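Asker: Provide a 3D model corresponding to the input given below.
(one chain, ligands or ions: 1)
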Amino acid sequence: MHLTPPQLDAAIVAMRTVLPLQYPADAIMRRFFRENPMLGGQDRAFIAETVFGILRHRFFLESLTNGITPRALVLAYLAKFQGMNLRELAPLVSETESKWLAEIKGSKPDVLPLVIQAEFPAWVVEKLQHGMPDSDILDLGLSLQQPAPLDLRVNTILAKRAEVLETLAQEGIEAQATPYSPCGIRLIGKPAINRHALFLSGKIEVQDEGSQLLGYLLAPKRGEMVVDFCAGAGGKSLLLGALMNSKGRLYAFDVSEKRLSNLKPRFKRSGLSNLHTQRIADENDSKIKRLSGKIDRVLVDAPCSGLGTLRRNPDLKWRQSAQSIEELKAKQAAILSAAASLLKPGGRLVYATCSFLPEENQAVIGDFLTTHPQFTVLNCAELLSQQKIPLDTGEFLQLSPRLHQTDGFFAAALTRAETAETAKTDHKSEPVSETETV
Ligand SMILES: C[S@@+](CC[C@H](N)C(=O)[O-])C[C@H]1O[C@@H](n2cnc3c(N)ncnc32)[C@H](O)[C@@H]1O
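Answerer: Take a look at the predicted model:
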């Protein structure tokens, strides 16, 4: 591309605004674009790509010199990772900068320490080294430095995947069916899909293929009682409703009113009628207690570090810490325990995170099983195979950008044993009354 001085300046200002990283980078960028309405579509794309690209490669870029400035970060990123040659950059930089950029172009990351090559903070590498060889940590880190593709979920209540693919092809939008999710589509580029008629009519939603697979793992059936315990803005609730063919009762719980209200317009578009959102104060809310032992399927999409989404949210590396993981582990255990109490004997619970840290995943499940002997683990590969999805990552579902081109998801499926004791508890629980339909 031909880079103009105003474009370069705007990227530097955006980088300076984002860098304290007190708030999520995507929120800061949204505000930056709102406050700079004169920027055109191309400028915005360039600035966003540059800022997120720098965050993906920040450890490497900062290793190049001491006290690196936002301007130096932008220039170094354009030279090293955007392939801009020194002739293109020459009219925009000083002679000293030009010499420095020439050195950077020749630098070789593969001689640098693992933390820099993998672009992980030291505390993440330390945690991973307990169970992973350095070569795997590096592979994982490198795969998370790539931008994520744009995946869509076809809303099977309103459309078929083949029909959506055909419409996209007719309009020259390159797309293909996702390899695992039966309702997924992967776009080749990044068109502004949220202004497309298919999106506005509720036929498609933006959703990573890995996230879609969690719905197939839970596999709710028509007419069942289902809970999405940490529903947020409802990415997974909408898929669960579609898998239930809008029949039965689907509760979407969350502690955040704001996130649940973001679900409303999506729900309106979706054509579903069986979704009931409820804000809960916390996992011990009385609304949860009233549903004890009554639910067929429960999804726990637990609050987590989000490190598996570093392709999309590279700033999480600086917004999480060893301390925040400790707090998350306690929260995850409490939520899992409360959500499990909802399950009918013989029911299914899926616990999921978008983290690759065993502490947030296998360890939470291990501790839960020790204190809840009435629960056992179901084999995820078998559950997916029952849904005609040929994906075997073992007992747990473990997705990675490198192997599956999805975000880094973890999921465990659990079932509750049928016992005389649990049947007695069922009899005592009261029906839930006040539900709000969005
Ligand atoms: C990973 S996000 C869920 C994303 C959502 N399922 C989706 O697909 O869009 C985790 C959610 O857990 C919610 N949360 C945090 N603490 C909670 C609690 N104690 N009970 C229920 N939800 C909680 C957060 O507000 C957040 O929306």
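Asker: got the domain ranges for the chain?
Answerer: 5-112, 209-437 (automatic domain parsing).
Asker: point out the most buried one among those domains.
Answerer: Greatest average neighbour count among those goes to domain 209-437 (a mean of 19), per mean count of other Cβ atoms under 10 Å. Backbone N, C-alpha and C define where each C-beta goes, glycine included.
Asker: beta partners of the residue nearest to residue 361 when sequence neighbours are not counted?
Answerer: Leaving aside its sequence neighbours, residue 361 sits nearest to residue 410 (Cβ to Cβ, 6 or more residues apart in numbering; 4.1 Å). Note on residue 410: beta-bridge partners residue 353, residue 398, judged by DSSP bridges.
Asker: in contact with residue 410, which residues?
Answerer: With contact taken as Cβ atoms under 8 Å, 6 or more residues apart in numbering, residue 410 is in contact with 308, 352-356, 360-362, 396-399.
Asker: phi, psi for the residue of the chain positioned farthest from its centre please.
Answerer: Distance from the C-alpha centroid of the chain peaks at residue 95, with 42.7 Å (Cα atoms, centre = their mean). Dihedral pair for residue 95: phi -60, psi -40, per degrees, to the nearest 10.
Asker: if I look at it, how far off is residue 156?
Answerer: 60 Å (Cβ to Cβ, to the nearest Å).
Asker: how long is stretch 113-122 from one end to the other?
Answerer: 10 Å (Cα to Cα, to the nearest Å).
Asker: which of the residues in it are buried?
Answerer: By 16 or more other Cβ atoms under 10 Å, the buried positions in stretch 113-122 come out as 114-121.
Asker: what pLDDT, on average, does it get?
Answerer: In this model, stretch 113-122 has a mean pLDDT of 97.
Asker: give me the contact list for it.
Answerer: Contacts of stretch 113-122 (Cβ under 8 Å, 6+ apart): 56-60, 63, 109-110, 125, 128, 134, 137-138, 140-142, 144-145, 314, 317-318.
Asker: then stretch 384-391?
Answerer: Under the criterion Cβ under 8 Å, 6+ apart, residues 180-182, 213, 216-217, 219, 381, 392, 397, 404 lie in contact with stretch 384-391.
Asker: again with stretch 34-43
Answerer: For stretch 34-43, contacts defined as Cβ under 8 Å, 6+ apart pick out 6-7, 10, 33, 47.
Asker: dump that stretch to PDB, keeping only the CA atoms.
Answerer: Extracted in PDB, the C-alpha atoms of stretch 34-43 (Å, rounded to 0.1, in the frame of the first residue of the first chain):
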ATOM      1  CA  ARG A  34     -15.700   7.400  17.100                       C
ATOM      2  CA  GLU A  35     -13.600  10.400  18.100                       C
ATOM      3  CA  ASN A  36     -11.900  10.600  14.700                       C
ATOM      4  CA  PRO A  37     -14.800  10.400  12.200                       C
ATOM      5  CA  MET A  38     -12.800  11.900   9.400                       C
ATOM      6  CA  LEU A  39     -10.900   8.600   9.000                       C
ATOM      7  CA  GLY A  40     -12.000   6.600   5.900                       C
ATOM      8  CA  GLY A  41     -12.600   2.900   5.700                       C
ATOM      9  CA  GLN A  42      -9.200   2.200   4.300                       C
ATOM     10  CA  ASP A  43      -7.500   4.300   7.000                       C
END
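Asker: show me what the mean pLDDT comes to for that stretch.
Answerer: Averaged over stretch 34-43, pLDDT sits at 94.
Asker: use 318 as the first number from now on
Answerer: With 318 as the first residue, the last one maps to stretch 351-360.
Asker: from the chain's centre, how far out does it sit?
Answerer: 27 Å (Cα atoms, centre = their mean, to the nearest Å).
Asker: residue of the stretch 318-467 of the chain closest to the ligand, please.
Answerer: At 13.1 Å from the ligand, residue 341 is the closest residue in the stretch 318-467 of the chain, using Cβ to the nearest ligand atom.
Asker: for that residue, grab phi and psi.
Answerer: Here is the backbone geometry of residue 341 (degrees, to the nearest 10): phi -60, psi 140.
Asker: quick check: which ranges of the stretch 618-755 of the chain have low pLDDT?
Answerer: In the predicted model of the stretch 618-755 of the chain, residues 737-755 satisfy pLDDT under 70.
Asker: which one of the residues in it is closest to the ligand?
Answerer: Using Cβ to the nearest ligand atom, the single residue of the stretch 618-755 of the chain nearest to the ligand is residue 618, 3.7 Å away.
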